[in-house]
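K.L.:
Okay, predicted coordinates and the sequence, questions at the end:
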Amino acid sequence: MNKTLSNDFRQAKINKKDEFYTQLTDIEKELKYYKEYFKNKIIFCNCDDPKNSNFWNYFATNFEFLNLKKLISTHYEKEKISYKLEMFRDNSKDSKINKKKILKTKLLQNGDFRSLECIDILNKSDIIVTNPPFSLFREYIDQLFKYKKKFIIIGNINTYSYKEIFRLIKENKIWFGQSIKNGDREFRVPDDYPLTAANSRVDKSTGQKFIRVKGVRWFTNIKYDEMYSELKLYKKYDKNEFPYYDNYNAINVEVTKDIPFDYKGVMGVPITFLDKYNPKQFEILGMCASAGYDKKIVGIPFRGKKDARPIINGAVKYARIFILNKDARRYNHKIT
């Protein structure tokens, strides 16, 4: 990831500055794929202040169009009691939403998604949709699976390196959304947020601050149309173009589109492969992103001495995901 563009997200993890307001256009582009799934569901945005949240804005504006049952929003307040905002379905004949169907209730605590009262709301909800705190992404995902919740959330592709997240991806229990496959995305940040990235800006008309961040992805466990498509492969295996790692019995593939269609063994591909991952076409064996070797994570035997990162001719490569091409494999694969 570009160091300049990712600096704000990295600092968020260090300094716990987690208020990144997702743009409405990005929300609209992704959530259109789940329209039928939202019907008659309770939507909970549990990291969203309605005054700033475009998630609340989107669902409140489209409440009738999506035929929602209920919309609930809670958010964290650092030094004071927070509140819950609810929008109910109108049971009258014309089914119109009016102010009487919006209820604001004071919470007992500060609105932390880990609090008992927020967990209680979570348990009673159908789908969780939000931009969770970057510094708590791993803990947030753990909670969603603990309570068996369906979700559509935004995060960073680099979270794949968390072993808990990678295991879920490998087991096809979580996957990327449809609308963001590459490039960067712009987020609004609070007025007191320090802007350090080169592509940050201040809107001259409103004074609002914005940052652009690479590696942003939607994460979900809800199936949607056009989830998977076959990755067309055109390159034939050439031992001179695809060298073996010094410390793994696998070849290195620099770019996903260059995966050789006829290679039957283990390949190391960049993390952006996950944008094209089709479990019908490929099998994920593991991933290698750190110096320490963990067989359960890496998935294939380690042939090195100390550094478990992928190495070619003594040079350390970027993190790699180890895969097999199911279409090319016509024999019983044996890792040696």
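P.N.:
That came in fine, so what should we check first? Numbers count the residues shown, from 1 in each chain.
K.L.:
count of neighbours near the nearest residue to residue 311 once chain neighbours are set aside?
P.N.:
Counting by CB to CB, 6 or more residues apart in numbering, the nearest residue to residue 311 once its immediate chain neighbours are dropped is residue 246, at 4.5 Å. Using the backbone N, CA and C atoms, a C-beta is placed for each residue, glycine as well. A count of neighbours around residue 246, defined by other CB atoms under 10 Å, yields 16.
K.L.:
Would you double-check that residue 246 falls in a helix?
P.N.:
No - Residue 246: not assigned to a helix; according to DSSP: H, G, I helix; E, B strand; the rest coil it is coil.
K.L.:
these two touch, right, residue 178 and residue 33?
P.N.:
Yes - using CB atoms under 8 Å, residue 178 is in contact with residue 33, at 5.2 Å.
K.L.:
show me where pLDDT drops low in the stretch 1-150 of the chain?
P.N.:
Scanning the stretch 1-150 of the chain for pLDDT under 70 picks out the ranges 1-17, 90-100.
K.L.:
re earlier: okay, and the common contacts of residue 178 and residue 33?
P.N.:
Here residue 178 and residue 33 share the contacting residues 224, 226, scored by CB atoms under 8 Å, 6 or more residues apart in numbering.
K.L.:
ok, now which ones touch the residue nearest to residue 311?
P.N.:
303-304, 311-314.
K.L.:
Residue 307 versus that one, what's the distance?
P.N.:
Relative to residue 307, residue 246 is positioned 10 Å away (CB to CB, to the nearest Å).
K.L.:
for residue 265, same thing?
P.N.:
When CB to CB is applied, the distance between residue 265 and residue 307 equals 22 Å.
K.L.:
for residue 262, same thing?
P.N.:
To residue 307, residue 262 is 31 Å away according to CB to CB.
K.L.:
Of those two, give the one with the bigger neighbour count.
P.N.:
Counting neighbours by other CB under 10 Å for residue 262 and for residue 307 shows that residue 307 has the greater number, 15 against 11.
K.L.:
my read: that one touches residue 247, true?
P.N.:
Yes - with contacts defined as CB under 8 Å, residue 307 counts as touching residue 247 at a distance of 7.5 Å.
K.L.:
just to revisit the earlier point, compare residue 178 and residue 33 and say which is more crowded by neighbours.
P.N.:
Neighbours were tallied for residue 178 and for residue 33 using other CB under 10 Å; the higher tally belongs to residue 33 (20 against 17).
K.L.:
Leaving out sequence neighbours, find the closest residue to that one.
P.N.:
Nearest non-adjacent residue to residue 33, counting by CB to CB, 6+ apart: residue 224, 4.2 Å away.
K.L.:
got the phi/psi numbers for the one you found?
P.N.:
Dihedral angles of residue 224 (phi, psi; degrees, to the nearest 10) stand at phi -140, psi 160.
K.L.:
again with residue 56
P.N.:
Dihedral angles of residue 56 (phi, psi; degrees, to the nearest 10) stand at phi -60, psi -40.
K.L.:
How about the contacts made by it?
P.N.:
45, 48, 50, 71, 73, 85.
K.L.:
Between those residues, which sits nearest residue 324?
P.N.:
Ranked by distance to residue 324 (CB to CB), these are led by residue 45 at 39.0 Å.
K.L.:
The closest one contacts residue 55, doesn't it?
P.N.:
Yes - applying CB under 8 Å as the test, residue 45 and residue 55 come out as touching, 4.6 Å apart.
K.L.:
Now do the shared contacts for those two.
P.N.:
Residues touching both residue 45 and residue 55 (CB under 8 Å, 6+ apart) are 73, 129-130.
K.L.:
Quick one: the strands in the stretch 101-250 of the chain, in order.
P.N.:
Read by DSSP state E, counting those that start in this stretch, the stretch 101-250 of the chain holds these strands, from start to end of the chain: 102-106, 127-130, 150-156, 175-176, 184-189, 201-202, 209-214, 216-220.
K.L.:
Could you export these to a markdown table, including columns for mean neighbour count?
P.N.:
Below are the strands of the stretch 101-250 of the chain laid out as a markdown table (neighbours: other CB atoms under 10 Å):
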| stretch | mean neighbour count |
| --- | --- |
| strand 102-106 | 11 |
| strand 127-130 | 23 |
| strand 150-156 | 21 |
| strand 175-176 | 20 |
| strand 184-189 | 19 |
| strand 201-202 | 12 |
| strand 209-214 | 20 |
| strand 216-220 | 22 |
